[in-house]
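Participant: pasting a predicted model and its sequence here:
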Amino acid sequence: MSKGSLKPRGFLMQSLAGLLASAMLATPALAGDTFVAGAAIVDITPPIEALTPEGTTSAILPATSIRDHLHVRAIYFANGTTCGALIGVEQGSMRGSEQTLQEIARVTGCPRTNIMASAVHSHSAGTKAAAGDTPPDNLPTVKTVNAAMVEAVQAARGKAQPARVGYGHTLLDINVNKEIFAHDTWYQGPDRNGPSDKTLAVLGFIAADGTPIGIYMDYAAHPIDYYLTGIISADFPGDASSYIERRYDGKTVAIFAQGASGDQNALYQVPFLQLAGARHGDADRADDRIGQVEPWYQSSLTLNSNADGVKAMQHPISAKDEPAYEKAKGFNDELVHAYGVLLGEAAIEALKNPDVSWQAGPAITGSAEELTCPGRDRIDMSARQGVRPPYRDGADVKIQVGALRIGDTNLVTVNGEVYSAIATRLKAVSPASKTLMVTLASGPDAHSGYIYSNAASDHLTFEVIGSRLKPGCAEDAIVASGVRQITKLSKQP
């Protein structure tokens, strides 16, 4: 990998000049540039022998099967004056990371506000136990994840080389709004007419020869394809990252970051619902015949189907359901891999767009603000959706909004699950055209639940009725904070 400058020595003929000009566009000169970047990966997958509890007879108990490995990825960058890092964690959420990120700031010398970590939000890679996901005792611990973040950033820093950074984007139609009103009720299900941002935003860090050092892709969709099925997986975000890394023969690290996915699922869900149904003793839950009742609506007919699924995970799968489980897993694997391939290839193509402006001396600066919104506590937790439960006033909810400027690109972070319409509004009013939102980001735990939009405040979905936020505050406060911070950062050198 050459680190020298690419300067044509002469022109023998017109055609040669054209070829050399094309080469200059593909591999921009780096002579005299001070910007550097490096990237690294750390595996955090639990050992397979740690997964099967003693005395069990089934191989399909909670968290006893590994589909793909879990990782922490990091991209380090510096411009000769300051530095920063982007960190992607293949977990359900960021858990107890703030002290670790402050430690990373100390050992690298980068300001804490220039260091951004976020979770891919895979529901099969480990989340807080209270959410009812696969048990935490055989998944990566907070200590393991935090140690991996430090290791990944340090390794990325050690690999830093001359680089350029650029922003690209494209539209990718593999997500869908997941709040639907049909059959005279609200429930989780695909609403193709609901708000849904299809933008795949990509930040690329390239070496002198044009090979990506790091690719940071931001897209909004819940990775739930192995939720409560007994399978450990980074889901389609992991497949997207590994696809890009294989495409570049391991020379590239690709981080997936969640956009505003609070009300967004991956587009197709029947293979997952068949897999989960078989695991929970309901193999016929997702009927493949045309014209049958859609499985998401079917699940809404019980008081709390999610709680039923959590209880079912405490028992081995029955022998009669194992064939249906294995069949559904095969199709689900294919679909998840397809999502990953499409995301990965689209990210690469977005950076190849001739409109991408590659910068060798970008400004790096960040900031953060803490917002306060009125809180509420739900009194009756029995129903999952379709009801308006009683509430009492609760403690205020603290939400952290950050902004990281890298050149002419602004990454706005929120430490919670944000609805698509909030990010769309932010981008519409942002003073910077290259603005993207990263959710499930690092910072003190918000304890907010879903951060729903103003327009969704009357939806009787589990996301809205379970949120600790009272209506009418979060969307306006987040958008105003994002605009305020982007404006402030744009005035800094």
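Facilitator: Okay, I see it. Not measured: the values here are computed from a predicted model.
Participant: could you pull out the helices in this protein for me?
Facilitator: For the chain, helices defined by DSSP state H occupy the ranges 14-26, 98-108, 142-158, 235-247, 270-279, 295-300, 305-312, 322-352, 420-429, 462-465, 474-490.
Participant: just so I know, which of those helices lies nearest residue 37?
Facilitator: helix 142-158 (8.2 Å; CB to CB). To be clear about C-beta, it is placed using only N, CA and C from the backbone, and glycine gets the same treatment.
Participant: got the angle for that closest one vs helix 98-108?
Facilitator: 20 degrees (axes from the mean of the first three to the mean of the last three CA atoms, to 10 degrees).
Participant: list the buried residues for helix 142-158?
Facilitator: With burial defined by 16 or more other CB atoms under 10 Å, the residues of helix 142-158 counted as buried are 142, 144-157.
Participant: now the helices of the chain in CSV, with distance to residue 398 and mean pLDDT?
Facilitator: Listed next are those as CSV, based on distance: least, CB to CB, whole Å; pLDDT from 0 to 100:
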stretch, distance to residue 398, mean pLDDT
helix 14-26, 47, 35
helix 98-108, 13, 96
helix 142-158, 20, 96
helix 235-247, 27, 98
helix 270-279, 34, 93
helix 295-300, 32, 84
helix 305-312, 27, 86
helix 322-352, 32, 97
helix 420-429, 17, 98
helix 462-465, 19, 96
helix 474-490, 11, 98
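Participant: closest to residue 74 out of the ones you listed?
Facilitator: The closest of the helices of the chain to residue 74 is helix 142-158. By CB to CB, the value is 3.7 Å.
Participant: just checking, what packs against that closest one?
Facilitator: Secondary-structure packing of helix 142-158 (3 or more CB pairs under 8 Å, 6 or more residues apart in numbering; DSSP states H and E): strand 36-43, strand 71-78, strand 83-89, helix 98-108.
Participant: and stretch 281-300, C-alpha only, in CSV?
Facilitator: Extracted in CSV, the C-alpha atoms of stretch 281-300 (Å, rounded to 0.1, in the frame of the first residue of the first chain):
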residue,chain,number,x,y,z
GLY,A,281,-43.9,-24.2,20.3
ASP,A,282,-46.0,-22.4,17.7
ALA,A,283,-44.5,-23.5,14.4
ASP,A,284,-47.6,-22.4,12.4
ARG,A,285,-47.5,-18.8,13.7
ALA,A,286,-46.4,-17.5,10.3
ASP,A,287,-48.5,-19.2,7.6
ASP,A,288,-46.9,-19.0,4.1
ARG,A,289,-50.2,-19.3,2.3
ILE,A,290,-51.4,-16.3,0.4
GLY,A,291,-54.3,-14.4,2.0
GLN,A,292,-53.8,-15.7,5.5
VAL,A,293,-53.8,-13.5,8.6
GLU,A,294,-50.5,-11.7,8.9
PRO,A,295,-48.3,-13.1,11.7
TRP,A,296,-47.7,-9.7,13.4
TYR,A,297,-51.5,-9.2,13.7
GLN,A,298,-51.9,-12.8,15.0
SER,A,299,-49.4,-12.0,17.7
SER,A,300,-51.5,-9.0,18.8
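Participant: what residues does that stretch touch?
Facilitator: With CB atoms under 8 Å, 6 or more residues apart in numbering as the contact definition, stretch 281-300 has outside contacts at 180, 182-183, 185, 187-190, 269-271, 273-274, 276-277, 305, 312, 317-318, 321, 324-325, 384-386.
Participant: same question, stretch 338-348
Facilitator: Applying CB under 8 Å, 6+ apart, the contact partners of stretch 338-348 are 170, 172, 174, 200, 202, 212, 215, 217, 219, 236-244, 247, 254, 256, 266.
Participant: could you do stretch 427-436 as well?
Facilitator: Residues contacting stretch 427-436 (CB under 8 Å, 6+ apart): 167, 199, 201, 218, 259, 408-412, 423, 426, 437, 479, 482-483, 486-487, 490.
Participant: quick check on those: which are buried?
Facilitator: With burial judged by 16+ other CB under 10 Å, the buried subset of those is 167, 199, 201, 218, 259, 408-412, 423, 426, 437, 479, 482-483, 486.
Participant: and stretch 121-131, average pLDDT?
Facilitator: Stretch 121-131 shows a mean pLDDT of 66.
Participant: verify the stated contact: residue 89 with residue 116.
Facilitator: No - contact criterion CB atoms under 8 Å: residue 89 and residue 116 do not qualify, at 11.2 Å.
Participant: okay, the two: which has more neighbours?
Facilitator: Counted by other CB atoms under 10 Å, residue 89 and residue 116 do not tie: residue 89 has more neighbours, with 33 against 25.
Participant: could you measure from that one over to residue 277?
Facilitator: Per CB to CB, to the nearest Å, residue 89 is found 30 Å from residue 277.
Participant: likewise residue 379?
Facilitator: Separation of residue 379 from residue 277 (CB to CB) stands at 31 Å.
Participant: neighbour-wise, which of those two wins?
Facilitator: Neighbours were counted for residue 379 and for residue 277 using other CB under 10 Å; residue 277 has more, 25 against 9.
Participant: skip the chain neighbours and tell me the closest residue to that one.
Facilitator: Nearest non-adjacent residue to residue 277, counting by CB to CB, 6 or more residues apart in numbering: residue 285, 3.1 Å away.
Participant: same check, this time on residue 183
Facilitator: residue 297 (6.0 Å).
Participant: and residue 359, by the same measure?
Facilitator: With sequence-adjacent residues excluded and distances taken as CB to CB, 6+ apart, residue 359 is closest to residue 407, at 4.4 Å.
Participant: tell me how many other residues surround the one you found.
Facilitator: 21.
Participant: for residue 34, same thing?
Facilitator: Counted with other CB under 10 Å, residues neighbouring residue 34 total 12.
Participant: then the one 5 residues further on?
Facilitator: Residue neighbour count, defined by other CB under 10 Å, stands at 31 for residue 39.
Participant: next, work out how far apart it and residue 445 are.
Facilitator: From residue 39 over to residue 445 the distance is 28 Å, taken as CB to CB.
Participant: what do you get for residue 454?
Facilitator: Residue 454 sits 24 Å away from residue 445, going by CB to CB.
Participant: can you check residue 480 too?
Facilitator: 22 Å.
Participant: over to residue 328?
Facilitator: Residue 328 is 34 Å from residue 445, by CB to CB.
Participant: these two - which one has more neighbours?
Facilitator: The residue with more neighbours, out of residue 328 and residue 445, is residue 328; 24 against 16, by other CB under 10 Å.
Participant: that one against residue 280, yeah?
Facilitator: No - applying CB under 8 Å as the test, residue 328 and residue 280 come out as separate, 11.8 Å apart.
Participant: ok, now which ones touch the spatially most central residue of the chain?
Facilitator: Geometric centre of the chain, nearest residue: residue 258, 2.6 Å, by CA atoms, centre = their mean. By CB under 8 Å, 6+ apart, the contact list for residue 258 reads 118-121, 218-220, 237, 438-440.
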